[in-house]
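**Student:** quick one, structure for this:
(chains A, B, C and D)
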There are 2 protein chains.
Amino acid sequence: MPAYDDCREKLIDTYDAMSPQLQRAARYMLDHPDDVALKSMRALATAAGVTPSTLVRLMKTIGIASYQECRLGYQNRLRDMPASYTGRARQLQHRSTARHISDEDKDDSKIDARSTETTLIAEILHQELGNLARSFGPEMCTAMQDACKLIGNARRVFVLGRRGAFPAAFQFAYAYRFFADNLTLVDGAAGTFGDQLRGMGRRDVLLAVGLSPYSNDSLQVLDYVLAQNATVISVTDSDVSPLARHASINLMVADASPSFFQSFTAAVAVMQALVAILVSRGGETALQQIARAEKQLSAFETYWRDASPKRNIKS
Amino acid sequence: MPAYDDCREKLIDTYDAMSPQLQRAARYMLDHPDDVALKSMRALATAAGVTPSTLVRLMKTIGIASYQECRLGYQNRLRDMPASYTGRARQLQHRSTARHISDEDKDDSKIDARSTETTLIAEILHQELGNLARSFGPEMCTAMQDACKLIGNARRVFVLGRRGAFPAAFQFAYAYRFFADNLTLVDGAAGTFGDQLRGMGRRDVLLAVGLSPYSNDSLQVLDYVLAQNATVISVTDSDVSPLARHASINLMVADASPSFFQSFTAAVAVMQALVAILVSRGGETALQQIARAEKQLSAFETYWRDASPKRNIKS
DNA sequence: CAGAAATAAAAACAAATGTTTCATTATGAG
DNA sequence: CTCATAATGAAACATTTGTTTTTATTTCTG
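**Tutor:** Here you go, the predicted model:
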C-alpha cells in the first residue's frame, strides 16, 4: 500500500527523532533503495550493520505496518511501472468499495455488480499501464530504433496483422502512408493474400504483428517472406513466439489483460511510436509530404470544417 | 555468476528442445524478467501456471546450478536500471552524450540522433501513460458501464470508425463477435457505406469512434442514425466534439502525442475495456459462446499448433 | 549513585522459501 | 498391447524468512 515515496518521506521526516541505531538503518535504506527491494530483511540488516529487529522497529516508528509492506513499495519502484499511475487504478478501486460499504444497500446485487465492474476497470487500467511501460523498456528503445533503420532503408515495406492484430497493422499503414508510398498492407482482402506479397525480395521488409494465439495465416506469410530472403521485423509477445524466431528484430509487446482477450493496446502504441520515429528521421521531407497529404484530404473535404484545431507537428 | 543475458540466451536456445511445461515456464521467465527478480520462486511458478519443481528442472536443463543463482542475474539487471523510465531515458541520453564527448567522434550526428530519439520515445511513453490514465478516470468508469448497459439492451449494435479511428472500431467488432452476433462493423467497404445502416431503428445502438480531425463520413453516418432515432454512443476526444454533441453517452479518450498524428492507444484500450465489461455481464452464457467460437476456429485450424498456453478466462 | 526508561541484541517462532524425493501420469518404440 | 522412458505434480525436507518475545545494555534523571 505505501508507495516508495511515502516510505522515503517518512524516513526523512522522522530521522532526527530516531535513536542512533534506527538512524543507521534509516540511512542505509535511504541510500540503497535497490537493496531494500531485492535483498531479504536479514541481508539488508547485515549490510546496514544492524540487527533485523532494528528494521522492524524502524517500520513501527515511521508508522508502517510491516517491513514486507514497505518493501513492496520499493519493489514497485524497480518494476517498469510508474507507481504514480498505478496509484490511480488503486484509487478507483478504493473509492468504489468505500461507496459500496457506506451506502444503504437497497439492492445488494446491483451495487455489487457496479463495484466488481469498477474493480475490473481498475484492473484493466492497471494492466494496460503495465503493458505500456513494459513495452517501452530500454531494450525496446534500441530495438525500435533498429527497426526503423531497416524500414527506412527498405525498398518496399509490407505490414501484416491478422485477426486481432489487424488494427495495429492498419494503424501503422494508415499513418505511414502520410509520408511515404512504398507500403503494402497485407490484409488478404477478397482472398488476394499471396498476390500482395508478389515480387517481394531481399531489399524488402515485412513488419509482422501477431500475439498468441498466432494465426496460421501469419506464419504462412512469414515462411514465404523468409524464403524470398526479405527482412522480417516482428511485433509479438515473446522472444520464443513463432513470429520472433526468424525475425531480424523482435519488438516485444506486453498484452496482459484480465479479459478473455489479449490486449493490443501496447502493440498499437508501439506501431504509432515507430511512425513517430520514422517521421522524425524523415525530417523536412517527411513533413512536406504530410502537408501535401493533408492538402489532398482537404481538397476531398474529408474532414469536418476547419474548426478542428491544428495539431502540433513536432520535429 | 550467470548474467541476465546468459540466462535469457540459454532459455531461448534450449526452448525448442523443452517439454511443454518447461516451455511454459521458460516463456514466462522470458516475458516477465522483473517478476523473476522480485518474486519468489513459488510465486513465479504460480504466475506462470507451473509447479515449483518445473522451475528447478528448467534451471537444470539450461545448465544453471540453481534458481537462486539465476535470479541473482535478473536482480543485477534491475539494479543497473534506473528507477523510473523517464529517469531512465534521461540517463540514456546523458550516457550517450557522455560517450559522445569521450569517444573519438567518428560520427557526431548519428549519436545525437540516437539520443534525441530516445527522448522522443520516452516522451511518447509518458504521453501514452497519461492518455490511458486520463481515459480511465472515475467519470469514464461510470460512463463505460452506462454504455455497456445500452449496448447490452440493443437489438443491433453498429460500430463506426473511419480512417485513423478504424482500428479501434475493428478491435471492438472483432472481440465482440466472439460472444454475440448482432454487430455490424460500418466500414463502408466497396462503397456500401449507407447500405450497412439500412433498417436501423430506435432500438439500435451506434458506437462511433472519432478523434479530431473528424471525418465527414462519420458525421454523415451520425446524422442519418440520429434521424432514425437510434441511440448513439460516442468515443471521441472532447465533450464538444461533433460526435459527442448528440450522443447519449460520450466516452472521452485522451489522444495526446508528440507526433503529427493523434494517438489511438487510449481509444483502443477503452474499446477493449467495453468488451471486457460486456463479457463480465454476459456471465456463463457469454463464456460458452466464446468457447464455441474458439472451437470453431480450431476446427478451421486458424491458430498455430496447441503449444500456445491456454489463456485464463476470468469472470 | 540508584534506578527507571529507553535502546539494542539474542533467542524463539511460525510462515515462507528453494530444493529433493517419490509416486503418478503421459508418451512412444518394439 | 507392453514395457521402458520421459514428464509431471504432490509431498517432504532443511533453510531462510519476517516478526515477536525475551534478555541485556545503555542512557539519563533525581
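**Student:** please give me every residue in contact with A:Gln296.
**Tutor:** Contact analysis of A:Gln296 by CB atoms under 8 Å, 6 or more residues apart in numbering or on different chains lists nothing. Where you see a C-beta, it was placed from the backbone N, CA and C, and this is true even at glycine.
**Student:** what's the helix or strand for it?
**Tutor:** Using DSSP states H and E, A:Gln296 sits within helix A:265-299.
**Student:** quick check: buried residues in that helix?
**Tutor:** Using 16 or more other CB atoms under 10 Å in any protein chain shown as the test for burial, helix A:265-299 gives A:265-282, A:286-287, A:289-290, A:294.
**Student:** ditto for stretch A:35-46
**Tutor:** Quick answer for stretch A:35-46 (16+ other CB under 10 Å): A:Asp35, A:Val36, A:Ala37, A:Leu38, A:Lys39, A:Met41, A:Leu44, A:Ala45.
**Student:** I'd like to know how many residues surround the spatially closest residue to the fourth one that is not a sequence neighbour.
**Tutor:** Setting aside the residues directly before and after it, A:Leu38 is nearest to B:Gln75 in space (CB to CB, 6 or more residues apart in numbering or on different chains), at 4.8 Å. The number of residues packed around B:Gln75, counting by other CB atoms under 10 Å in any protein chain shown, is 19.
**Student:** so stretch A:276-290, near chain B or not?
**Tutor:** Yes - Stretch A:276-290 reaches chain B (CB under 8 Å from any CB of the partner chain) through A:Ala276, A:Ile277, A:Val279, A:Ser280, A:Arg281, A:Leu287, A:Ile290.
**Student:** please report how far the fourth one lies from DNA strand D.
**Tutor:** Here A:Ser280 is placed at a distance of 45 Å from DNA strand D (CB to the nearest atom of the strand, to the nearest Å).
**Student:** got it, and the fifth one?
**Tutor:** A:Arg281 sits 46 Å away from DNA strand D, taking CB to the nearest atom of the strand as the criterion.
**Student:** cool, the third one as well?
**Tutor:** From A:Val279 across to DNA strand D, the span is 47 Å (CB to the nearest atom of the strand).
**Student:** list the contacts for that residue?
**Tutor:** A:Val279 neighbours (CB under 8 Å, 6+ apart): A:Phe179, A:Ala286, A:Leu287, A:Ile290, A:Ser315, B:Ser259, B:Phe260.
**Student:** quick one: least confident helix or strand in chain A?
**Tutor:** In chain A, no helix or strand scores lower on mean pLDDT, DSSP states H and E than helix A:83-102, which sits at a mean of 48.
**Student:** immediately after that helix, which helix or strand?
**Tutor:** helix A:108-135.
**Student:** how about that following helix and chain B, touching?
**Tutor:** Yes - Helix A:108-135 reaches chain B (CB under 8 Å from any CB) through A:113-114, A:116-118, A:120-122, A:124-125, A:128-129, A:132-134.
**Student:** now list the buried members of the residues you listed.
**Tutor:** Here, 16+ other CB under 10 Å leaves A:114, A:117-118, A:120-122, A:124-125, A:128-129, A:132-134 buried among the residues of helix A:108-135 next to chain B.
**Student:** which secondary structure element is home to A:Tyr174?
**Tutor:** Applying DSSP H and E as the criterion places A:Tyr174 in helix A:166-176.
**Student:** what residues does the stretch 201-315 of chain A have near DNA strand C?
**Tutor:** By CB under 7 Å from any atom of the strand, no residue of the stretch 201-315 of chain A approaches DNA strand C.
**Student:** and the closest residue to DNA strand C within the stretch 101-250 of chain A, helix, strand or coil?
**Tutor:** Residue nearest to DNA strand C within the stretch 101-250 of chain A: A:Pro213 (18.9 Å; CB to the nearest atom of the strand). With DSSP: H, G, I helix; E, B strand; the rest coil as the basis, A:Pro213 sits in coil.
**Student:** state the distance from the closest residue to it other than its chain neighbours to B:Gln296.
**Tutor:** Of all residues not flanking A:Pro213 in the chain, B:Tyr303 sits nearest, at 4.0 Å (CB to CB, 6+ apart). According to CB to CB, to the nearest Å, B:Tyr303 stands 11 Å off from B:Gln296.
**Student:** which among the buried residues of stretch A:35-46 gets closest to B:Ala208?
**Tutor:** A:Ala37 (45.7 Å; CB to CB).
**Student:** just confirm the closest one is within a helix.
**Tutor:** Yes - applying three-state DSSP, one finds A:Ala37 inside a helix.
**Student:** test my guess that A:Gly282 contacts A:Tyr176.
**Tutor:** No - using CB atoms under 8 Å as the test, A:Gly282 is too far from A:Tyr176 to be in contact (10.6 Å).
**Student:** find the closest residue to DNA strand D in the stretch 101-250 of chain A.
**Tutor:** In the stretch 101-250 of chain A, the residue that lies nearest DNA strand D is A:Val240 (15.4 Å; CB to the nearest atom of the strand).
**Student:** SS state for that residue?
**Tutor:** Going by three-state DSSP: A:Val240 is coil.
**Student:** phi, psi for it please.
**Tutor:** Main-chain dihedrals, A:Val240, degrees, to the nearest 10: phi -110, psi 20.
**Student:** not counting its neighbours along the chain, what's nearest it?
**Tutor:** In space, A:Val240 is closest to B:Tyr15, 4.7 Å off (CB to CB, 6+ apart).
**Student:** residue contacts, that neighbour?
**Tutor:** B:Tyr15 touches A:Val240, B:Gln23, B:Ala26, B:Arg27, counting by CB under 8 Å, 6+ apart.
**Student:** name the element the last one belongs to?
**Tutor:** Put plainly, it is B:Arg27. helix B:20-31.
**Student:** name the helices or strands packed onto that helix?
**Tutor:** Packed against helix B:20-31, as judged by 3 or more CB pairs under 8 Å, 6 or more residues apart in numbering or on different chains; DSSP states H and E, are the following elements: helix B:4-14, helix B:41-48, helix B:52-61.
**Student:** re the thing from before, including distance to DNA strand C, could the buried residues of stretch A:35-46 go into TSV?
**Tutor:** Output for the buried residues of stretch A:35-46, formatted as TSV (distance: CB to the nearest atom of the strand, whole Å):
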residue	distance to DNA strand C
A:Asp35	17
A:Val36	16
A:Ala37	14
A:Leu38	12
A:Lys39	13
A:Met41	11
A:Leu44	14
A:Ala45	9
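**Student:** so which of those residues reach DNA strand D?
**Tutor:** Within the buried residues of stretch A:35-46, those near DNA strand D by CB under 7 Å from any atom of the strand are A:Met41.
**Student:** what's the closest of the buried residues of stretch A:35-46 to A:Ile62?
**Tutor:** Closest approach to A:Ile62 among these (CB to CB): A:Val36, at 13.2 Å.
**Student:** distance-wise, check the residue of the stretch 51-200 of chain A found nearest chain B relative to A:Tyr4.
**Tutor:** Closest to chain B within the stretch 51-200 of chain A is A:Pro167: 3.3 Å, counting by CB to the nearest CB. Separation of A:Pro167 from A:Tyr4 (CB to CB): 36 Å.
**Student:** more neighbours: which of these two?
**Tutor:** Each of A:Pro167 and A:Tyr4 had its neighbours counted (other CB under 10 Å), and the higher figure belongs to A:Pro167 (28 against 22).
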